[in-house]
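**Student:** A predicted structure for the sequence below; I have some questions about it.
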Amino acid sequence: MDREFIERLLNAVAAGEKSPAEAAETLKDLPYRDMGFANVDRHRALRCGAAEVVFGGGKTPEQAARIMEELASTNANVLCTRASEEMYEAVKRRLPDARHEPTARMILLRRDTARRGGAGVAVVSAGAADMPVAEEAALTAEFYGSAVLRVYDVGVAGLHRLLDRIPDIRAMNAIVAVAGMEGALASVVGGLVDKPVFAVPTSVGYGASLGGLAALFAMLNGCSLGVSVLNIDNGFGAGYLAAMIDRMAAPRAEGE
């Protein structure tokens, strides 16, 4: 049914009955694909500017692979988060050009590697233990076309490490600050830059960190302006938002 719908629409454009812009608007409402175990939104990119992302958690390797294959039929780039090695083995049988990033627990199919951002995104992390979440944010921002500056292991226990990199961080269009323990890094960064900061608390820490709640509450109660707080361990959400800001800040080509 989808193919017949598209063929009718294309014929209408060819006959001059619809303009290309009208056809593009119509495609925004094209139906999802019912796969039995999932309803795949194949045309989310037309509405939201980015394709549906597969959340690997709770899915079998075969389910994740089938959804990625379906999305790849209409999108050049497809992303799966919280992916296991077993999922990657299933995906690469269907999509051999997909790659696995085990630290970030991601599978990426990226056939369109064009830059779409501006100055780029800085991903700043407090400690080496925060790297899985930081890398999820960094790889997400890169997936959506931003250049990424990685500034890792610069937490407040050795603040001079961060201060040395502030000029580089300030040059970016958006900053992701990733920290566990007491989560102080986000407030410090927010007080030193004039760009939006997306704070990500991680579940790293001893017992009183309460699985990241201590860092989350500290970030929510921070006094630095321009800091928005994501959910615990949500590197993907922060990377996506930072890339969106980077694209919005990018200079527009003449005629756009």
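**Tutor:** That came in fine, so what should we check first?
**Student:** Quick check: Met106 vs Glu70, distance?
**Tutor:** 18 Å (Cβ to Cβ, to the nearest Å). Every residue, glycine included, has its C-beta placed from N, CA and C.
**Student:** These two: which is more packed in?
**Tutor:** More crowded of Met106 and Glu70, by other Cβ atoms under 10 Å: Met106, with 26 against 19.
**Student:** unless I'm mixing things up, that one is touching Glu136, no?
**Tutor:** Yes. Counting by Cβ atoms under 8 Å, Met106 touches Glu136, with 6.4 Å between them.
**Student:** Now do the helices in the stretch 1-150 of the chain.
**Tutor:** Ranges of helices in the stretch 1-150 of the chain, per DSSP state H, counting those that start in this stretch, are 2-14, 20-27, 44-48, 61-72, 85-94, 131-143.
**Student:** now those helices in TSV, with distance to Val200 and mean pLDDT?
**Tutor:** TSV is the format used below for the helices of the stretch 1-150 of the chain (distance: least, Cβ to Cβ, whole Å; pLDDT from 0 to 100):
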stretch	distance to Val200	mean pLDDT
helix 2-14	37	74
helix 20-27	34	78
helix 44-48	22	75
helix 61-72	24	92
helix 85-94	23	95
helix 131-143	6	96
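**Student:** Enumerate every residue touching Val40.
**Tutor:** Taking Cβ atoms under 8 Å, 6 or more residues apart in numbering, we find Val40 in contact with 32-33, 52, 67, 70-71.
**Student:** what comes up buried for stretch 224-243?
**Tutor:** Going by neighbour count (16 or more other Cβ atoms under 10 Å), the buried part of stretch 224-243 is 224, 227, 229-230, 232-243.
**Student:** hang on, the earlier thing: which neighbours do Met106 and Glu136 have in common?
**Tutor:** Common neighbours of Met106 and Glu136 (Cβ under 8 Å, 6+ apart) are Thr81.
**Student:** Dihedrals phi and psi, Pro96?
**Tutor:** Backbone geometry at Pro96, expressed as degrees, to the nearest 10, gives phi -60, psi -20.
**Student:** for Ala171, that is, sorry about that
**Tutor:** Dihedral angles phi and psi of Ala171 (degrees, to the nearest 10) take the values phi -80, psi -10.
**Student:** Tell me, how many residues neighbour the closest residue to it other than its chain neighbours?
**Tutor:** Excluding its sequence neighbours, the residue lying closest to Ala171 (Cβ to Cβ, 6 or more residues apart in numbering) is Ala119, at 5.9 Å. Residues near Ala119, counting by other Cβ under 10 Å, number 18.
**Student:** likewise Asn221?
**Tutor:** The number of residues packed near Asn221 is 10, by other Cβ under 10 Å.
**Student:** And it, how close does it get to Ala24?
**Tutor:** Distance from Asn221 to Ala24, by Cβ to Cβ: 44 Å.
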